[in-house]
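> Got a predicted structure plus its sequence, pasted below:
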Amino acid sequence: MHNVSREIVGRADEEGALVVLGDLKGLGNRDTGRGNRMNRISNTMPYYKLTKMIIYKAKEKGIGVIKVSERLTSVTCHRCGSENTDRPTQARFDCNTCGLKNYNADLNGAKNILYRSFAYMAGDGAVVNQPKTKASIEKQDYDTEKVLGSPFLI
């Protein structure tokens, strides 16, 4: 996890970018519907720890971090904003409204998260193809200190 967080923050530093994280609140307490073994694997993933490492390392370098809600990002079309969609496989995404077919589902979700971060950064302004739910930005208390304001927007 240290290598992953270092790579993410290092890349943001090289590109002069900020880090956008999906808010995974509640993800660790779910039933995957795939049996006890998969539930156990899913529920023990160290999402919180990785997020905390990224925030800590970004803060050291003065890199901004924001968190946006991932709610409905996997079922909302990034192109038209419709939720009238299908997932023929875990990896593929189809939109029944605009005709987007056989699109990479992970890329679709990532674009929705990106659009939500744009909406947050623009104030409450609209963004073309913005998903229906508004960016959810939270201030959270971490062990080291409270991270507030720019460049830390969580």
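Great, that's in hand.
> what comes up buried for the helix ranked longest in the chain?
Across the chain, the helix with the greatest residue count (assigned by DSSP state H) is helix 105-121. For helix 105-121, burial by neighbour count (16 or more other Cβ atoms under 10 Å) applies to Ala105, Asn108, Gly109, Lys111, Asn112, Ile113, Tyr115, Arg116, Ser117, Phe118, Ala119, Tyr120. Backbone N, C-alpha and C define where each C-beta goes, glycine included.
> What's the first helix or strand after the helix or strand bottoming out on mean pLDDT in the chain?
Averaged element by element with mean pLDDT, DSSP states H and E, the chain has its least confident helix or strand at helix 36-43 (a mean of 67). The element immediately downstream of helix 36-43 (helix or strand, assigned by DSSP states H and E) is helix 47-61.
> and the helix or strand just after that next one with helix 105-121, angle?
Next in sequence after helix 47-61, counting helices and strands by DSSP H and E, comes strand 65-69. Inter-element angle recorded for strand 65-69 and helix 105-121: 110 degrees (by axes from the mean of the first three to the mean of the last three Cα atoms, to 10 degrees).
> Run through who's touching the helix or strand following strand 65-69.
On the C-terminal side of strand 65-69, the closest following helix or strand by DSSP H and E is strand 85-86. When contacts are taken as Cβ atoms under 8 Å, 6 or more residues apart in numbering, the neighbours of strand 85-86 outside the stretch itself are Val75, Thr76, Cys77, Phe93, Asp94, Cys95, Asn96, Thr97.
> Pull up the pairing partners for strand 85-86, direction included.
Based on DSSP bridges, the strands next to strand 85-86 in the sheet, each with its direction, are strand 92-95 (antiparallel).
> in the partner strand, what counts as buried?
Those buried within strand 92-95 under the rule 16+ other Cβ under 10 Å are Phe93, Asp94, Cys95.
> And for stretch 14-27?
Leu18, Val19, Val20, Leu21, Gly22, Asp23, Lys25.
> Give me the lowest-pLDDT entry from those.
Lowest in pLDDT among the buried residues of stretch 14-27 is Lys25, which has 67.
> Low-confidence ranges, the protein, go.
Within the chain, the segments meeting pLDDT under 70 span 24-34, 38-45, 124-154.
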